[in-house]
Structure formats: C-alpha cells, structure tokens
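S.K.: fold the following and give me the result.
(chains A and B)
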There are 2 protein chains.
Amino acid sequence: MDERQARAWLATAVAEARAGLAEGGIPIGAALYAPDGTLLGRGRNRRVQDGDPSMHAETAAFRAAGRQRTYRGTTMVTTLSPCWYCSGLVRQFGISRVVIGEATTFHGGHDWLAGHGVEIVVLEDPGCVAVMRAFVKDNPELWNEDIGE
Amino acid sequence: MDERQARAWLATAVAEARAGLAEGGIPIGAALYAPDGTLLGRGRNRRVQDGDPSMHAETAAFRAAGRQRTYRGTTMVTTLSPCWYCSGLVRQFGISRVVIGEATTFHGGHDWLAGHGVEIVVLEDPGCVAVMRAFVKDNPELWNEDIGE
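M.R.: Have a look, this model is predicted:
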C-alpha cells in the first residue's frame, strides 16, 4: 500500500495511544479502516482504565466498529505489533491488511499472519518506539501483565 | 485431567450457552477455572445481545475474570472448539489447558494450541453437538458472521 496513506492512518492509532497514556493506561492504539478508507472503529488498550484485560487496542477498535458482514479489504492499524490474541482476531475475521507502527519493542504474530496471506506493513515509526520503550521501562509489571508474561 | 472434573466444568459453559440461546444469541458458552478449581469467570457469546463482535464466549469469560497476574495452571472450558481469535487469547496469556465440549461442528485452533504445549481435552459431548448443529442449520448467516466467513 501507499506509505503516505499508511502513515496517515497510523496517526489515528497514535492519537488513541496518547489518549491512553494520558489516562494512565497502556499506550497502544488501533483503528480499523474500510477498503474505501472510511474509519470503521478506533480504540485503545483499556486494561487500566476499565480493569478489562480483554480490551487490547485492536480488539477495542474491532469492537467499536460493531457488527460487520465481512472484513475483506479492511485494514487494522496498530501502534505495536499485534500479540497472538490480536493476531488471531485478524486471521479469524479475514482482515486483509495490518499496518504496524513498530515491531521493535514487541514482536507478536505478524509473521504468522503474513504466512497466511495477510498484507503486513511495518512502519518502524520512531515515535511509536520511543513511547513504548519508555512505558515498558517505567511499568514493567503492568506491561508483562498485559502480554501474560 | 480427570474426565469427570472436565464434564462438571463443562456444565458451567453449557449453562452459559443455553442462556445465550434463550436470549436469541449464538449458543456458545465458556468458563475460566483457577488451578484450585475456583471459577474465575464465565460468559457467553454476546454478538446478538450486545451487538458486540468482540465478545466470543471465551473472551467474555476471560473478561469476567478481570485482571490476573498470571494464567498459569488455569483452564478455559468452552462448549465449542476455539476459533483463531480465542485460540490466540489462550496462547498469548499462557492459559494451560482447554476443555472443549465439541469439535465436530467447528474445528478451530486447538491443534495449534496443543502444538504449543497447551493441554487439550475434547469431550465430544453429544448435547453440545446437537445445540450447535441445530443453531447453524437455522441461522447460517449469523453463524458465518460470527466466524468471519
């Protein structure tokens, strides 16, 4: 896909991550875009804010998009490489593409998804890396809880 | 594990599935048990009831259990073989065991989980098979929506 488009969409996920950080939450954001570029849903990790371990950024964006008949052609944009939970979501629902802010601080299941035909775009955005690196350094227990380690 | 124990735990998931069916929902239920047999959380598919595609039975039970520091030794009990989304949940959070009511009407990611060291118990309960078979026959579009097909 066009990199300028990918970076423009990433900005939505970054805004979610920043809002999460401001709330005292884990700074990961995501957004789901329709094939025509319509924003279907956006969200952020809500472990701290809602005490809800099931709401990772990607699942929150998926939830916000509501019921959809198909995810063919949609793009999940996330500030961080998706964990197995969120990678499983992408595979099960046939989301066609994942745009990833960075996969440096955490390497989830995106190679597995690529092997199953999902288009993967890793932007390695320095701002995304910096936010996560600082967060994990300052909150190692919370981060490990969020990824089950 | 002891099969009698597995069937006793399955009854909790079956009760959730039945409640979901009575509400007009997709009849899949789940429960998360602690290593000592304490029920941590239970839930059912909520696509129809809440218009929420992110709440599969397993994710609903996981959510109901709230924040946990570790899932080591826990058992996810579900009436139906877990889809990739729910299999990814099990893998990411290190849930140790999955007890499955049936894998006849739908075969999800439980072989993959077994390959990653998760203990898998498939009970092939005739009641679970009958409920899902009837539901899928009568509601093919809703079922396909729930699994992204």
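S.K.: sec struct for residue A:27, please.
M.R.: Using DSSP: H, G, I helix; E, B strand; the rest coil, the structure places residue A:27 in coil.
S.K.: contact partners for it?
M.R.: A:17, A:18, A:20, A:21, A:44, A:45, A:79, A:131, A:132, A:135 (C-beta atoms under 8 Å, 6 or more residues apart in numbering or on different chains). Backbone N, C-alpha and C define where each C-beta goes, glycine included.
S.K.: what's in contact with the helix ranked longest in chain A?
M.R.: Among the segments of chain A that qualify as a helix by DSSP state H, the longest is helix A:3-22. Helix A:3-22 is contacted by residues A:26-31, A:33, A:37, A:39, A:42-46, A:49, A:57, A:61, A:75, A:77-79, A:99, A:101, A:121, A:123, A:125, A:127-128, A:131, A:135 when judged by C-beta under 8 Å, 6+ apart.
S.K.: in strands, which of those residues appear?
M.R.: Judged by DSSP state E, those include A:29-31, A:33, A:39, A:42-44, A:75, A:77-79, A:99, A:101, A:121 as members of strands.
S.K.: quick one: buried ones out of those?
M.R.: Burial by neighbour count, 16 or more other C-beta atoms under 10 Å in any protein chain shown: within these this picks out A:29-31, A:33, A:42-44, A:75, A:77-79, A:99, A:101, A:121.
S.K.: nearest to chain B, of those residues?
M.R.: residue A:43 (9.7 Å; C-beta to the nearest C-beta).
S.K.: my guess is residue A:91 contacts residue A:114, does it?
M.R.: No: contact status for residue A:91 versus residue A:114: not in contact, 11.0 Å apart, counting by C-beta atoms under 8 Å.
S.K.: quick one: which of these two has more around it?
M.R.: residue A:91 (22 against 13; other C-beta atoms under 10 Å in any protein chain shown).
S.K.: now the more buried one. Nearest residue, chain neighbours left out?
M.R.: Leaving out its chain neighbours, the residue that sits closest to residue A:91 by C-beta to C-beta, 6 or more residues apart in numbering or on different chains is residue B:84, at 4.5 Å.
S.K.: with residue A:135 instead?
M.R.: Residue A:135 sits nearest to residue A:27 (C-beta to C-beta, 6+ apart), 5.4 Å away.
S.K.: show me which residues of chain A are close to chain B?
M.R.: A:47, A:51-55, A:59-60, A:62-63, A:65-71, A:83-89, A:91-94, A:109, A:145, A:147-149 (C-beta under 8 Å from any C-beta of the partner chain).
S.K.: quick one: which of the residues you listed sit in helices?
M.R.: Using DSSP H, those in helices are A:47, A:59-60, A:62-63, A:84-89, A:91-93, A:145.
S.K.: can you tell me the residue of chain A closest to chain B?
M.R.: Per C-beta to the nearest C-beta, residue A:88 is where chain A lies closest to chain B, at 2.3 Å.
S.K.: count of neighbours near that residue?
M.R.: 28.
S.K.: now it, nearest residue through space, not along the chain?
M.R.: residue B:88 (2.3 Å).
S.K.: hey, what's the residue nearest the centre of chain A bridged with?
M.R.: By C-alpha atoms, centre = their mean, chain A has its centre lying nearest to residue A:78, at 2.7 Å. Beta-bridge partners for residue A:78, by DSSP bridges, are residue A:30, residue A:100.
S.K.: that one: what's it in contact with?
M.R.: Applying C-beta under 8 Å, 6+ apart, the residues near residue A:78 are A:13, A:28, A:29, A:30, A:57, A:58, A:61, A:86, A:98, A:99, A:100, A:101.
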